[in-house]
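J.: sequence-free structure coming up:
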């Protein structure tokens, strides 16, 4: 079936923007990948209502969930069927913000906007660089819509990702992620999809009178309560906003992770009780290449980020540590 790509080879500036300053085009062995670059160029331009299956493998257990999705450009609303473990929950994502409503707790949790599928894909391409092998493997149909399949493999031919891109709109209809031995560890696939000329903008407002609002800083304070970790943060004028916090238990010992986002990129602030080499912490980050570590108040801190070293030094000077 003939595809309806807007162009076989999109402009270098459009691809560079969609790849978030990635160093190179998505290329097959024969040259630029029209299908993948078309998906990059088209990101955030579609309006649609649909259903998709989301599945992933965590701690040896397979999880599967159906999502009802409404999207208008880069705004998205997600709901769940009545028999879902997430029934009644509503997620609204807009530029730079994610709101989640939990009906059983009457809580709205606000956090920074998550990376889109295409953003994560571009991160993967940047991370792999010339080592990624991209192949366009032919026509596929997903949710009754014609598309083209693209596979991404490592230099040894091990499959890492597989996508199907919609012919008419460039939307990624299906995506699968594989581990080092070829097991599918995460995937999503549309099972119903309808494109619209207009989406009611009220769908992307999530407000409820009487609901308790939990912001990232509230969650951070809750996480460290009763632990030996201290409260550390960047001031509001630092240019970086806290997206989320997480307490982890790697073999090296407990680690508190705080992920910040700013115009320059993402920065992770790590806090540990024992000295840990920054290289060991880097594996918890995303695309993060610069590190800076120090000791303060008998705690060990490290900044890891895809930002200039001077930015890490500036943030270290600005950090506020409370007793």
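T.: Received, thanks. Predicted model, so just to flag it, every value in this text is computed and none were measured. Residues are numbered from 1 along each chain as shown.
J.: Residue 173 contacts residue 166, doesn't it?
T.: Yes. Using C-beta atoms under 8 Å, residue 173 is in contact with residue 166, at 5.3 Å. Every residue, glycine included, has its C-beta placed from N, CA and C.
J.: and for those two, which residues touch both?
T.: The contact sets of residue 173 and residue 166 overlap at 142, 145, 147 (C-beta atoms under 8 Å, 6 or more residues apart in numbering).
J.: before we move on, what SS does the last one have?
T.: Three-state secondary structure (criterion: DSSP: H, G, I helix; E, B strand; the rest coil) places residue 147 in strand.
J.: Show the pLDDT at it.
T.: The model reports residue 147 with a pLDDT of 97.
J.: contacting residues around it?
T.: Contacts for residue 147 (C-beta under 8 Å, 6+ apart) come out as 139-141, 164-167, 173-174.
J.: of those residues, buried ones?
T.: Using 16 or more other C-beta atoms under 10 Å as the burial test, those include 140, 164-167, 173-174 as buried.
J.: Go through these and name the one nearest residue 64.
T.: residue 174 (14.6 Å; C-beta to C-beta).
J.: Wait, the closest one touches residue 161, no?
T.: No. Contact between residue 174 and residue 161 fails when scored by C-beta under 8 Å: they sit 10.9 Å apart.
J.: Spit out the contact partners of residue 215.
T.: 110-111.
J.: let's go with 10 Å and repeat that
T.: Contact analysis of residue 215 by C-beta atoms under 10 Å, 6 or more residues apart in numbering lists 108-111, 242.
J.: repeat for residue 242
T.: 111-112, 215-217, 219-220, 233-234, 258-261, 269.
J.: redo that, cut-off 8 Å
T.: Residues in contact with residue 242 (C-beta under 8 Å, 6+ apart) are 112, 216-217, 220, 233-234, 258-260.
J.: which element is it on?
T.: Assessed by DSSP states H and E, residue 242 sits inside strand 240-248.
J.: Please point out which parts of that strand sit buried.
T.: Across strand 240-248, burial judged by 16+ other C-beta under 10 Å covers 240-245.
J.: Strands along the stretch 101-250 of the chain, start to end?
T.: Listed in chain order, the strands of the stretch 101-250 of the chain (DSSP state E, counting those that start in this stretch) span 107-111, 133-142, 145-153, 159-166, 172-178, 184-195, 212-214, 231-233, 240-248.
J.: Strand partners (parallel or antiparallel) of the fourth one?
T.: So that's strand 159-166. strand 145-153 (antiparallel), strand 172-178 (antiparallel) (DSSP bridges).
J.: Hey, what's the angle from that strand to strand 133-142? Just curious.
T.: Here strand 159-166 runs at an angle of 50 degrees relative to strand 133-142 (axes from the mean of the first three to the mean of the last three C-alpha atoms, to 10 degrees).
J.: Adding distance to residue 321, write the strands paired with strand 159-166 out as a markdown table.
T.: Shown next, in a markdown table, are these (distance: least, C-beta to C-beta, whole Å):
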| stretch | distance to residue 321 |
| --- | --- |
| strand 145-153 | 42 |
| strand 172-178 | 38 |
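J.: where does residue 310 land in three-state SS?
T.: Here residue 310 is recorded as helix under three-state DSSP.
J.: Identify all contacting residues around stretch 84-103.
T.: With contacts defined as C-beta under 8 Å, 6+ apart, stretch 84-103 is touched by 65-66, 74-81, 104, 107-114, 203-206, 208, 211, 261.
J.: what do you get for stretch 224-234?
T.: Under C-beta under 8 Å, 6+ apart, the answer for stretch 224-234 is 217, 220-221, 240, 242, 247, 254, 256, 258, 260, 269, 271, 273, 297, 299, 301, 315, 318-323.
J.: Pull out the buried residues from the residues you listed.
T.: Neighbour-count burial within these applies to 220, 240, 242, 256, 258, 260, 269, 271, 299, 301, 315, 319; the criterion is 16+ other C-beta under 10 Å.
J.: Determine which two of these are furthest apart.
T.: 240 and 299 (19.9 Å).
J.: returning to what we had before: closest to residue 38 out of the shared contacts of residue 173 and residue 166?
T.: Relative to residue 38, the closest of the shared contacts of residue 173 and residue 166 is residue 147; by C-beta to C-beta it sits at 10.8 Å.
J.: so what's the closest one closest to, chain neighbours aside?
T.: Excluding its sequence neighbours, the residue lying closest to residue 147 (C-beta to C-beta, 6 or more residues apart in numbering) is residue 164, at 4.4 Å.
J.: do the same with residue 80
T.: residue 86 is the one closest to residue 80 (C-beta to C-beta, 6+ apart), at 4.2 Å.
J.: Doesn't that neighbour lie inside a helix?
T.: No. Counting by three-state DSSP, residue 86 is not found in a helix; it is coil.
J.: returning to what we had before: from the contacts of residue 147, pick the one nearest residue 311.
T.: residue 165 (35.0 Å).
J.: where's that closest one relative to residue 119, distance?
T.: 16 Å (C-beta to C-beta, to the nearest Å).
J.: and what of residue 249?
T.: In terms of C-beta to C-beta, residue 249 sits 28 Å off from residue 119.
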